[in-house]
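Undergrad: This is a predicted model, with the sequence first.
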Amino acid sequence: MKKWLAVIFALCMLVSSALADTQERALQAAQQLIAGDYAALCAQFDENMRSAVDEAALEAGFASIAMQLGACTGVAGVQADDASGTAAVALAHEHGLSVLSLAFDAQGRIASMYIAPQSTAPQALSRALPDGAQALPVTLFEGTDHALMGELIMPAAADETTPYVVFAHGSGPSDLDETIGGNKPFRDLAYDLAALGVGSLRHDKITYSHPQRPCETVEQEYLESVMEALRVLKAQTGAEAVYLIGHSEGGMLTPWLTENCGFDGGVSLAGTPLALWEISLAQNLAVIEAMPEAQRAQLLAQIESEKEKGLRLAQMSREEAAQETVFGMPGAYLWHMAQMDQAKIALDSEKPYLFLWGECDFQVNRDAFEAWHESLGDEVRFRYITYPGLNHLFMPAGENDSILNAQAAYAEPKQMDDRVAADIATWINEN
């Protein structure tokens, strides 16, 4: 999910500046700021920035940060998006971190710059394990250089007949709780399921614990870890029945992961059988719809260009796809994912699938979710449930939540609606 959000925000600025060296430019700007070379930094501004900020203002602004956090001691990290020309540089200070946010125009000039103390993530609401349940630490890939921490939850009076689930994250790096803002959807669901007699194993995602490892395909990002999680779970519990629960991108991949890992069935939370780039297309069209009418034509033309690349992926070789990006995402990754027809995988299997969706989900819209039903039909082993008032995390949606304020929409600490666990537990017991 976090990858999807990154794509949304990158494309709010759109793909107008394909700068192959955004990170280098951002690091150079950061070093100039740290060194106090304000003249060199101002020389990189575009016309609007030059009219708004001069050397004295830069110096005063950076000094105000130092008054709060102490002297800057260097760069602590950088994230850059070449498609949008944006970057965020974390700066280390004596008493904390600040973040230098930059956007570059098509000529490589600094079109916007902002520095502020790093905000503290909101505290998630506390939860207690259900009575009698146990939480045990586990390690995936133990003894290797890519070990992953996990947690096994065993309900009260668990034995080999107790059903279990393994969680598959949404896109982007995520801890075992799938923490986003002040929310921990996987923790909530695991605890709620334990209260209903269903155990679980959740684990840190490989991109979270080992960001340096290549994840050029969903096999590297998902399959290997989920398969290992299933192995560890069975070794620890002797469970006879284990189901997969995938959320967001994990929900998109639920049929493929279920079949390839050998789960007894799959639960897709906020998933869709549509291509990942098609979801980005819908999200960006929603963003454009909210923009001033005078800007829409140019932005729609850029979106159409990305759409055409997405449509051509099916005809490309893997090598050709590797030379492309679509909505800021690597073409090779999308190409590999596009080889899997999730609906066909589910149809060809004999396993049950449960598809769940929050009706206030602004990341996966109704058409995207209902594509499951359109492809799979009303066969009894497929079940579809939607929840009025719930968002992409299956938590209560705010009145004004939208694609335009996604960060704020997920910032407020909430808990997953317990109806979700109740429906999953009922479905598991029926199967």
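TA: Structure's in. What do you need?

Undergrad: Tell me which stretches of the stretch 51-200 of the chain form strands.
TA: Secondary structure of the stretch 51-200 of the chain by DSSP state E, counting those that start in this stretch: the strands cover 72-81, 86-93, 96-104, 110-117, 134-140, 148-154, 164-168, 199-203.

Undergrad: Name the residues of the longest one that come out as buried.
TA: Of the residues in strand 72-81, those buried by neighbour count under the rule 16 or more other Cβ atoms under 10 Å are C72, V75, V78, A80, D81. (C-beta placed from N, C-alpha, C; glycine too.)

Undergrad: how close does the first one sit to Q28?
TA: Between C72 and Q28 the computed distance is 16 Å (Cβ to Cβ, to the nearest Å).

Undergrad: just to revisit the earlier point, lowest-confidence one in the buried residues of strand 72-81?
TA: Across the buried residues of strand 72-81, the smallest pLDDT goes to D81, namely 72.

Undergrad: Test my guess that it contacts G328.
TA: Yes: contact criterion Cβ atoms under 8 Å: D81 and G328 qualify, at 6.2 Å.

Undergrad: For the stretch 301-431 of the chain, which segments count as helices?
TA: Ranges of helices in the stretch 301-431 of the chain, per DSSP state H, counting those that start in this stretch, are 318-321, 331-338, 342-348, 366-376, 406-411, 418-430.

Undergrad: Tabulate those (TSV), appending distance to E221 and mean neighbour count.
TA: Shown next, in TSV, are the helices of the stretch 301-431 of the chain (distance: least, Cβ to Cβ, whole Å; neighbours: other Cβ atoms under 10 Å):
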stretch	distance to E221	mean neighbour count
helix 318-321	16	14
helix 331-338	8	20
helix 342-348	16	19
helix 366-376	21	17
helix 406-411	22	18
helix 418-430	24	17
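
Undergrad: I'd like to know which of the ones you listed is closest to C360.
TA: Of all those, it is helix 406-411 that lies closest to C360, at 9.5 Å by Cβ to Cβ.

Undergrad: which helices and strands sit right next to the helix or strand harbouring A40?
TA: Here A40, judged by DSSP states H and E, is contained in helix 38-42. If you count contacts as 3 or more Cβ pairs under 8 Å, 6 or more residues apart in numbering; DSSP states H and E, helix 38-42 packs onto helix 22-35, helix 55-69.

Undergrad: Out of those, which gets nearest to A241?
TA: Using Cβ to Cβ, the nearest of these to A241 is helix 22-35, at 46.8 Å.

Undergrad: packing partners for the closest one?
TA: helix 38-42, strand 72-81, strand 86-93, strand 96-104, strand 110-117.

Undergrad: run the last query once more with 10 Å
TA: For helix 22-35, the packing partners by 3 or more Cβ pairs under 10 Å, 6 or more residues apart in numbering; DSSP states H and E come out as helix 38-42, helix 55-69, strand 72-81, strand 86-93, strand 96-104, strand 110-117.

Undergrad: Next, the buried residues of stretch 94-106.
TA: For stretch 94-106, a neighbour-count test (16+ other Cβ under 10 Å) marks S98, V99, L100, L102, A103, F104, D105 as buried.

Undergrad: If the third one is in a bridge, with which residues?
TA: Taking DSSP bridges, one obtains V89, I115 as the residues bridged to L100.

Undergrad: what sits against it?
TA: Each residue near L100 by Cβ atoms under 10 Å, 6 or more residues apart in numbering is listed here: 26, 29-30, 33-34, 62, 65, 72, 75, 78, 87-91, 113-116.

Undergrad: Show the buried residues in the residues you listed.
TA: Taking 16+ other Cβ under 10 Å as the criterion, what is buried in these is 26, 29-30, 33-34, 62, 65, 72, 75, 78, 87-89, 91, 113, 115.

Undergrad: Closest one to Q415 out of those residues, please.
TA: A88 (29.2 Å).

Undergrad: Tell me how far that closest one lies from V99.
TA: Note on A88: its distance to V99, by Cβ to Cβ, is 6 Å.

Undergrad: Where does S268 sit: helix, strand or coil?
TA: strand (DSSP: H, G, I helix; E, B strand; the rest coil).

Undergrad: switch to numbering from 32
TA: Got it, first residue is 32 now, which makes that one S299.

Undergrad: Check A121 and give its pLDDT.
TA: So A121 comes in at 84 (pLDDT).

Undergrad: how close does it get to V109?
TA: Distance, A121 to V109, using Cβ to Cβ: 7 Å.

Undergrad: Name the residues contacting each of the two.
TA: In contact with both A121 and V109: A61, L131, using Cβ under 10 Å, 6+ apart.

Undergrad: Select the helix or strand of this protein having the lowest average pLDDT value.
TA: Lowest mean confidence among the helices and strands of the chain (mean pLDDT, DSSP states H and E): helix 33-43, at a mean of 45.

Undergrad: okay but A187 is in contact with G228, surely?
TA: Yes: under the contact definition of Cβ atoms under 10 Å, A187 touches G228, with a separation of 7.9 Å.

Undergrad: So between the two, which is more surrounded?
TA: Neighbour totals were compared for A187 and G228, and G228 leads with 17 against 14 (other Cβ atoms under 10 Å).

Undergrad: show me what contacts the more buried one?
TA: Contacts of G228 by Cβ under 10 Å, 6+ apart are P161, A164, P186, A187, A188, A189, T193, P194, A456, I459, N460.

Undergrad: Look up phi and psi at it.
TA: phi 90, psi 20 (degrees, to the nearest 10).

Undergrad: what's the helix or strand for E255?
TA: Short version, using DSSP H and E: E255 is in helix 255-268.

Undergrad: what packs against that helix?
TA: When contacts are defined as 3+ Cβ pairs under 10 Å, 6+ apart, helix 255-268 packs onto strand 165-171, strand 179-185, strand 195-199, strand 230-234, helix 237-240, strand 273-278, helix 285-292.
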